[in-house]
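Engineer: Kindly return the folded structure for what I paste below:
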Amino acid sequence: MSALHLTVAVEKLAFSAPFRIAGRVFEHQDAVVVTLDDGAHRGRGEACGVFYLDDGVPQMLAAIEAQRAAIERGIDRTGLQRLLPAGGARNALDCALWELDAQRSGKPVWTLAGLKPPRELTTTFTLGADEPEVMAAGARRYAEARALKLKLTGNLELDALRVAAVRAARPDVWLGVDANQAYAIGQLARLVEILEEARVELLEQPLPRGREADLDDFASPIPIAADESALGLNDIAGLVGRFDTVNIKLDKCGGLTEGLAMAREARRAGLDVMVGNMMGSSLAMAPAFVLGQLCDVVDLDGPTFLAHDRTPGVRYARGMIWCDDAVWGSAAAARGMS
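Structural biologist: Down below sits the predicted model:
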């Protein structure tokens, strides 16, 4: 393997407006961006980490710097899987290695991953938790959206009003909700009734991670997706019979390499597959877009929350996302771009 030069930078991605989920409000997102250069080719990766796992910028930087010597001696994606655990640090490096391999081979990442030429994907657009009328107005502003996802907070009465207001504002769209672990099993039956009345088609992570067994005897007419309960490949087996869908995020599982493995294993286990994001710019969405080619539900709207995205970037039009190879992952994508 060729020696590599590793560059690590921290970038502050400013949001255009505050974004609220259960228990947290975001006004910006810090991202770690890595570049791997062998002297002739260059690969890039971006990671925002996983805040609820205490995987932020300091932790990602420390993990990368601790292995700098091993990385710069030369490493491939298989070796990286052994070198670092799942998380943002490995995600940034793994995505950089995918793009580096694309440059070296002259083939786009989707070809290296054994996928068909990519297609435009319908993506959800997310409404942060707010007053019902504010969320309804937000839903109307997403005039082209074909799919919306609502953040809930665990306040059953207020969440019911939020869902009803958004459905009234947009009776035409696919609607999902993300509870971000805010509910207990005793509240779940009533929540599902409310969601069913509003024609909600996906309920994401209603219970805290660690309470998966509470779903053993719970039958839901609405598919339930595992997010925080599905951090990596080893979690898949424990989801069967409890969840219907697995939400794969590259910052959680540690990169596109494991994300692809998770999608294929979830299919084998009879689960549907979703791709999500921990915010980020188009550089983070691009590898997730590759994974999205294998998914039933796509939630890749992270750049829409930013005051400024990268150029070139992913394109949002008619409720869909498209990522050209020029953004990331082609033989030419990394040349002269940031």
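
Engineer: hey, let's count contacts and neighbours off CA atoms from now on
Structural biologist: Fine.

Engineer: for the chain, what are the low-confidence residue spans?
Structural biologist: The model of the chain has pLDDT under 70 over residues 22-23, 335-338.

Engineer: Packing partners of the longest strand seen in it?
Structural biologist: Taking DSSP state E as the criterion, the chain has its longest strand at strand 5-21. Here strand 5-21 touches strand 24-37, helix 68-73, going by 3 or more Cα pairs under 8 Å, 6 or more residues apart in numbering; DSSP states H and E.

Engineer: Nearest to Phe305, out of the ones you listed?
Structural biologist: Shortest distance between Phe305 and these, using Cα to Cα, is found for strand 24-37: 9.2 Å.

Engineer: Mind listing what's buried along the closest one?
Structural biologist: Residues of strand 24-37 classed as buried: His28, Gln29, Asp30, Ala31, Val32, Val33, Val34, Thr35, Leu36, Asp37 (neighbour count, 16 or more other Cα atoms under 10 Å).

Engineer: so what are the domain limits for this structure?
Structural biologist: Taking automatic domain parsing as the domain assignment, the record places the domains of the chain at 5-106, 121-322.

Engineer: Distance to Glu197 for the helices and strands packed on strand 5-21 - can I get that in CSV?
Structural biologist: Supplementary listing: the helices and strands packed on strand 5-21 in CSV, determined by distance: least, Cα to Cα, whole Å:
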stretch, distance to Glu197
strand 24-37, 28
helix 68-73, 53
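
Engineer: Please name whichever of these is nearest to Ser229.
Structural biologist: Using Cα to Cα as the criterion, the shortest distance between Ser229 and the helices and strands packed on strand 5-21 is 18.7 Å, found for strand 24-37.

Engineer: what residues does the closest one touch?
Structural biologist: By Cα atoms under 8 Å, 6 or more residues apart in numbering, the residues outside strand 24-37 that reach it are 4-15, 17-20, 42-49, 57, 60-61, 89, 92-93, 96-97, 100, 279-280.

Engineer: Can you name the element that comes right after it?
Structural biologist: With elements assigned by DSSP states H and E, the helix or strand that comes after strand 24-37 is strand 42-47.

Engineer: Work out the sheet partners of that next one and label each with its direction, please.
Structural biologist: For strand 42-47, the pairing partners within the sheet under DSSP bridges are strand 24-37 (antiparallel).

Engineer: and the strand it pairs with, how far from the chain's centre?
Structural biologist: 13 Å (Cα atoms, centre = their mean, to the nearest Å).

Engineer: Taking strand 5-21 as reference, get the angle to it.
Structural biologist: Counting by axes from the mean of the first three to the mean of the last three Cα atoms, to 10 degrees, strand 24-37 points 160 degrees away from the direction of strand 5-21.

Engineer: could you dump strand 24-37 to PDB, C-alpha only?
Structural biologist: In PDB, the C-alpha atoms belonging to strand 24-37 read as follows (Å, rounded to 0.1, in the frame of the first residue of the first chain):
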ATOM      1  CA  ARG A  24     -31.900  19.400  22.200                       C
ATOM      2  CA  VAL A  25     -31.700  22.500  20.000                       C
ATOM      3  CA  PHE A  26     -29.000  22.900  17.300                       C
ATOM      4  CA  GLU A  27     -27.800  26.200  15.900                       C
ATOM      5  CA  HIS A  28     -24.800  24.900  14.000                       C
ATOM      6  CA  GLN A  29     -23.000  21.600  13.400                       C
ATOM      7  CA  ASP A  30     -19.200  21.100  13.700                       C
ATOM      8  CA  ALA A  31     -17.800  18.700  11.200                       C
ATOM      9  CA  VAL A  32     -14.400  17.000  10.800                       C
ATOM     10  CA  VAL A  33     -13.200  16.800   7.300                       C
ATOM     11  CA  VAL A  34     -10.300  14.500   6.400                       C
ATOM     12  CA  THR A  35      -8.200  14.300   3.200                       C
ATOM     13  CA  LEU A  36      -6.000  11.400   2.200                       C
ATOM     14  CA  ASP A  37      -3.400  12.100  -0.500                       C
END
